[in-house]
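Q: Could you look at this predicted model? Sequence included:
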Amino acid sequence: MGRYLLTLRRFWATALAGQLEYQLNLLIDLLAMAGNLAGSLFVISLFYGPGRSLGGWSWEAALVVLGVYTVLDGVCSSFLRPNLSTIATHVQQGTLDFILLKPIDSQFWLSFRTFSPAGLPEIGTGLGLILWAAAKVGASPSPTGFLTAALMLASSLVILYSLWFGLATTSIWFVKTWNATEVLRAALTAGRYPISAYPLRLRSLLTVVLPVAFLTTVPAEAILGRISVNTGAASLLMATVTLMLCRGFWRYALRFYTSASS
Amino acid sequence: MRIARVLLSSQYAYMLEYRAEIALWTLSGVVPFIMLALWSQVDASGANPGELGLNRLQLGRYFLSAFIVRQFTIAWVVWAFEEDALQGRLSHALLQPLHPLWRYLAAHLAEQATRLPFVAVLVGLFFLLQPDTVWLPSLPQALTALVAIWMAFAIHFLLQSAFATLCFWSERASALERLLYIPYLFLSGLVAPLEVFPPAVRAFALWTPFPYMIAFPAQLLSGNPLTFSGGFAAMALWIALLLPLVALLWKAGVRRYSAMGA
């Protein structure tokens, strides 16, 4: 375990040093984030008018959902995308061989090799938005409430990671599946809005098949202190199952890996 | 004329090789459907119906039209151009007696042709799920919509070409393009029909080219009441404005260009 933590620190320190060479990119990332957030706020505000709201959520409560989404989006651009996009390249160029030979778990290496500071402002703003909106709603911070919220957020991160890694794993067979993550990203934008704002049929689809509900709505409910025990348990179960599936899928996929040109 | 035919047919054959990828790209345009789900829910629970200015059927048709318009007005010239510039292929293209932008234009048109069957399948699926929204635009309606879609594509292509020519100065023009995408996403009418915008925002949006890239053709195609006056004139104006700009930027850029690595 300690070895993994030490490796992780080395990985990210070198990545940060490398990325700081490109300061203009950072500025563009900041501008893009501000624009995206302003646009999202604008769209959500369109849903609020006299007598209407987004699935019965108050304006501030909906902002908590948006905050959680912003944090997850930041995690995507900081950790998931820079790492998982390389899997296809490794398969194509045959360099996956070298990774499999390293005395460290290959899934760990591929998932955490690098990180990009691009998503950090998003993560920060998302957390800020959550805190501000939750305070406005009047959520009272208690130790158990805080713990539940952290737990639900962690479980949503695990689900998000499993979805991405599972999809990236398919590039062992089909090298060109990176485009599929664009589909995933587009579908996950559904998480910007509370799940109860969707028609009933879509709601169950977004809970069971593509667990968008557990990604943003459930953590937001936990933060606002209105989560039920059942929902919390379901979220933890979902996280465990998806993580195990994605781990198993990676192992299974490796059995079919025969290196490039063979 | 002969050049155009050869270019188009060769690009079409090339794009057919990438059917799977293009299918995935088509799928990643699901955002209008997500937004439709949200808006139809607002309409169903709305305290005062008609407040949106559109009924349920019009809403469904609008977002389906927006999806179709988006599919056939997508431009990706900046990515293709950046890759060619970074890899040095641009030098060869510049030597040929044909403006390189024509080549990209042919590639775009060929890709749209490849997209057609996938879009048709998705539209069919939509009608299966929502049979009461089925409509057939009358012939003049369809023709005007088609012209509008082509003009919208021209605007998008020119706008992105202007960003692509920045490749001559910077190596990362696609990063700048992300900033263009944000107002496109939120002001074009992709996430919400322009009818629901606050008047001030709508007036502002109409001064930008973005509503003409989605909302205007989509309104024509869906047969909804038009909220634009002089839509075609505005589109023609934008094209007349962008065309010399791109030509100018291109000229200045080529003079500066000294091949990558030189």
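A: Thanks, I have it. Numbers count the residues shown, from 1 in each chain, chains lettered A, B, ... in the order given.
Q: going forward, measure contacts between C-alpha atoms and count neighbours the same way
A: Fine.
Q: tally of neighbours for the closest residue to chain B within the stretch 51-200 of chain A?
A: Closest residue of the stretch 51-200 of chain A to chain B, C-alpha to the nearest C-alpha: A:Val183 (4.2 Å). For A:Val183, the count of nearby residues is 18 (other C-alpha atoms under 10 Å in any protein chain shown).
Q: Look up the closest residue to it, ignoring the ones flanking it.
A: Spatial nearest neighbour of A:Val183, chain neighbours left out: B:Ser28 (4.2 Å); criterion: C-alpha to C-alpha, 6 or more residues apart in numbering or on different chains.
Q: do you know how far the closest residue to chain A within the stretch 1-150 of chain B is from B:Ile34?
A: For the stretch 1-150 of chain B, the residue closest to chain A is B:Ser28, as judged by C-alpha to the nearest C-alpha, at 4.2 Å. In this view, B:Ser28 and B:Ile34 are 11 Å apart by C-alpha to C-alpha, to the nearest Å.
Q: how about B:Pro225, what does it touch?
A: B:Gln219 (C-alpha atoms under 8 Å, 6 or more residues apart in numbering or on different chains).
Q: mind checking the SS state of it?
A: coil (DSSP: H, G, I helix; E, B strand; the rest coil).
Q: What helix or strand is the residue of the stretch 51-200 of chain A closest to chain B located in?
A: helix A:178-188 (DSSP states H and E).
Q: Counting neighbours, which bits of that helix end up buried?
A: A:178-184, A:186-188 (16 or more other C-alpha atoms under 10 Å in any protein chain shown).
Q: again with stretch B:106-119
A: Buried, per 16+ other C-alpha under 10 Å, within stretch B:106-119: B:106-112, B:114-115, B:118-119.
Q: what would those residues look like in a markdown table with distance to A:Thr240, pLDDT and secondary structure?
A: Formatted as a markdown table, these follow (distance: C-alpha to C-alpha, whole Å; pLDDT from 0 to 100; DSSP: H, G, I helix; E, B strand; the rest coil):
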| residue | distance to A:Thr240 | pLDDT | secondary structure |
| --- | --- | --- | --- |
| B:Ala106 | 49 | 87 | helix |
| B:Ala107 | 45 | 87 | helix |
| B:His108 | 44 | 88 | helix |
| B:Leu109 | 46 | 88 | helix |
| B:Ala110 | 45 | 87 | helix |
| B:Glu111 | 41 | 86 | helix |
| B:Gln112 | 42 | 87 | helix |
| B:Thr114 | 41 | 86 | helix |
| B:Arg115 | 38 | 86 | helix |
| B:Phe118 | 35 | 88 | helix |
| B:Val119 | 37 | 89 | helix |
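Q: Please render the residues you listed as TSV that adds distance to A:Leu205 to the earlier fields.
A: Converted to TSV, those look like this (distance: C-alpha to C-alpha, whole Å):
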residue	distance to A:Leu205
B:Ala106	39
B:Ala107	37
B:His108	34
B:Leu109	35
B:Ala110	35
B:Glu111	31
B:Gln112	30
B:Thr114	30
B:Arg115	27
B:Phe118	22
B:Val119	22
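Q: Quick one: classify the residue nearest to the spatial centre of chain B as helix, strand or coil.
A: Closest residue to the average C-alpha location of chain B: B:Thr73 at 2.6 Å, with C-alpha atoms, centre = their mean. Put simply, B:Thr73 is coil when judged by three-state DSSP.
Q: Same question for B:Val191.
A: Classification of B:Val191 by three-state DSSP places it in coil.
Q: buried ones in stretch A:141-153?
A: Residues of stretch A:141-153 classed as buried: A:145-146, A:148-149, A:151-153 (neighbour count, 16+ other C-alpha under 10 Å).
Q: can you pull the pLDDT of A:Val158?
A: With respect to pLDDT, A:Val158 scores 94.
Q: what about it, how many residues close to it?
A: Neighbours of A:Val158 (other C-alpha under 10 Å): 18.
Q: Spell out which residues of chain A are next to chain B.
A: Residues of chain A found near chain B (C-alpha under 8 Å from any C-alpha of the partner chain) are A:25, A:28, A:31-32, A:35-36, A:39, A:43, A:46-47, A:51-54, A:176-177, A:179-180, A:182-187, A:189-190, A:197-199.
Q: Pass me the low-pLDDT residue ranges in the stretch 101-250 of chain A, would you?
A: Low-confidence segments of the stretch 101-250 of chain A (pLDDT under 70): A:175-178.
Q: swap the cut-off to 90 and go again
A: A:101-122, A:134-146, A:148-149, A:164, A:166-212, A:221-229, A:231-232 (pLDDT under 90).
Q: Likewise for chain B?
A: Judged by pLDDT under 90, the stretches of chain B that qualify are B:1-63, B:70-71, B:73-145, B:162-208, B:211-235, B:246-247, B:249-262.
Q: how about the residues of it near chain A?
A: Counting by C-alpha under 8 Å from any C-alpha, the residues of chain B lying close to chain A are B:21, B:24-25, B:27-31, B:34, B:37-38, B:41-42, B:45-48, B:175-176, B:178-179, B:182-183, B:186, B:191-192, B:196-197.
Q: Filter those down to the buried ones and hand me the PyMOL line.
A: This is how PyMOL selects the buried members of the residues of chain B next to chain A, with burial counted by 16+ other C-alpha under 10 Å:
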select buried, chain B and resi 21+24+25+27+28+29+30+31+34+37+38+41+42+46+175+176+179+182+183+186+191+192+196+197
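Q: what about the helices in the stretch 101-250 of chain A?
A: Under the criterion DSSP state H, counting those that start in this stretch, the stretch 101-250 of chain A contains helices at A:106-112, A:120-137, A:143-169, A:178-188, A:200-204, A:212, A:218-223, A:229-254.
Q: Figure out which of those helices is closest to B:Trp238.
A: Smallest distance to B:Trp238 across these (C-alpha to C-alpha): 29.2 Å, for helix A:178-188.
Q: And for the closest one, what's in contact with it?
A: A:85, A:88, A:164, A:167-168, A:171, A:212, B:21, B:24-25, B:27-31.
Q: if we go to 6 Å?
A: B:Ser28 (C-alpha atoms under 6 Å, 6 or more residues apart in numbering or on different chains).
Q: residues contacting A:Leu26?
A: With C-alpha under 6 Å, 6+ apart as the criterion, no residue contacts A:Leu26.
Q: roughly how far apart are it and chain B?
A: 10 Å (C-alpha to the nearest C-alpha, to the nearest Å).
Q: Could you grab the helix/strand/coil label for that residue?
A: Going by three-state DSSP: A:Leu26 is helix.
Q: how close does it sit to B:Ser170?
A: Counting by C-alpha to C-alpha, the gap from A:Leu26 to B:Ser170 is 15 Å.
Q: swap in B:Thr227?
A: From B:Thr227 to B:Ser170 the distance is 40 Å (C-alpha to C-alpha).
Q: Excluding chain neighbours, what is closest to B:Ala23?
A: Closest to B:Ala23 by C-alpha to C-alpha, 6+ apart is B:Phe118, at 6.2 Å.
Q: Check A:Asn36 too.
A: Sequence neighbours aside, B:Ile182 is the residue nearest to A:Asn36 in space, at 6.3 Å (criterion: C-alpha to C-alpha, 6+ apart).
Q: Can you give me the neighbour number for residue 55?
A: In the absence of a named chain, chain A is used. 19.
Q: try again with chain B
A: Under the criterion other C-alpha under 10 Å, the count of neighbours that B:Asn55 has is 14.
Q: and it, backbone torsions?
A: Phi and psi for B:Asn55, reported as degrees, to the nearest 10, are phi -90, psi -180.
Q: List the contacts of it.
A: B:Asn55 neighbours (C-alpha under 6 Å, 6+ apart): none.
Q: which stretches of chain B form helices?
A: For chain B, the helices defined by DSSP state H cover B:2-16, B:19-27, B:31-45, B:56-71, B:77-87, B:89-95, B:100-129, B:139-164, B:173-187, B:199-206, B:210-213, B:215-222, B:231-256.
Q: tell me which residues in the fifth one are buried?
A: Within helix B:77-87, the residues that qualify as buried by neighbour count (16+ other C-alpha under 10 Å) are B:77-79, B:81-85.
Q: now for it, which elements pack on it?
A: Counting contacts by 3 or more C-alpha pairs under 6 Å, 6 or more residues apart in numbering or on different chains; DSSP states H and E, helix B:77-87 is packed against no other helix or strand.
Q: This completes my enquiry, with thanks.
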